[in-house]
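Enquirer: sequence isn't available, so here's the structure alone:
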């Protein structure tokens, strides 16, 4: 993954979470001209980085049972934060909920999924400042 923008509260990454990653790759390849690079997540689960003219534009994450049972396919935007633990606390303080506590992906940073006070989901990321991939613009 390569950040789209490193400023706090700016969009950093767009990810399609889907039950049908093969269909999604075919659709976005045909409609938007995206190419896909396969990568494995730290837990061994497959992931695809979408590229347009060689530039990373997003990713595809495969949903699977039982962890994601009942969750429909959807796009998730990750917004940058400077301190993910503080962002999680602030979310709860302001009436939101931490849906997936922060976790670290080597070479990327710390990610969490929260909901706002109206129940809408959003991803948060504290990019890894040391890794060359996170520092790339």
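Expert: Perfect, thanks for sending it. These figures come from a predicted structure and were not determined experimentally. Numbering: from 1, shown residues only.
Enquirer: where's residue 103, which helix or strand?
Expert: strand 97-105 (DSSP states H and E).
Enquirer: so what touches that strand?
Expert: With CB atoms under 8 Å, 6 or more residues apart in numbering as the test, strand 97-105 has contacts from 41-42, 84-85, 88, 91-92, 110-115, 121, 124, 126. All C-beta spots, glycine's among them, are computed from the backbone N, C-alpha and C.
Enquirer: now swap in stretch 24-40 and tell me
Expert: Taking CB under 8 Å, 6+ apart as the rule, stretch 24-40 contacts 16, 18, 46-52, 57, 60, 73.
Enquirer: centre of the chain versus stretch 33-47, how much separation?
Expert: Relative to the mean C-alpha coordinate of its chain, stretch 33-47 is positioned 12 Å out (CA atoms, centre = their mean, to the nearest Å).
Enquirer: which parts of that stretch are buried?
Expert: Using 16 or more other CB atoms under 10 Å as the test for burial, stretch 33-47 gives 34, 36, 47.
Enquirer: can you give me the first-to-last residue distance of that stretch?
Expert: 18 Å (CA to CA, to the nearest Å).
Enquirer: repeat that for stretch 102-119.
Expert: Start to finish, the residues bounding stretch 102-119 are 18 Å apart (CA to CA).
Enquirer: hmm, back to that, can I get the buried residues of stretch 33-47 in CSV with distance to residue 97 and pLDDT?
Expert: Compiled in CSV, those are given as follows (distance: CB to CB, whole Å; pLDDT from 0 to 100):
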residue, distance to residue 97, pLDDT
34, 32, 96
36, 32, 96
47, 25, 94
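Enquirer: quick check: phi and psi at the residue with the largest distance to the centre of the chain.
Expert: Distance from the C-alpha centroid of the chain, by CA atoms, centre = their mean, peaks at residue 93 (23.4 Å). Backbone torsions for residue 93, taken as degrees, to the nearest 10, come to phi -60, psi -30.
Enquirer: where's it relative to residue 103, distance?
Expert: Residue 93 sits at a distance of 21 Å from residue 103 (criterion: CB to CB, to the nearest Å).
Enquirer: show me where this structure has its helices.
Expert: Ranges of helices in the chain, per DSSP state H, are 21-32, 84-93, 132-135.
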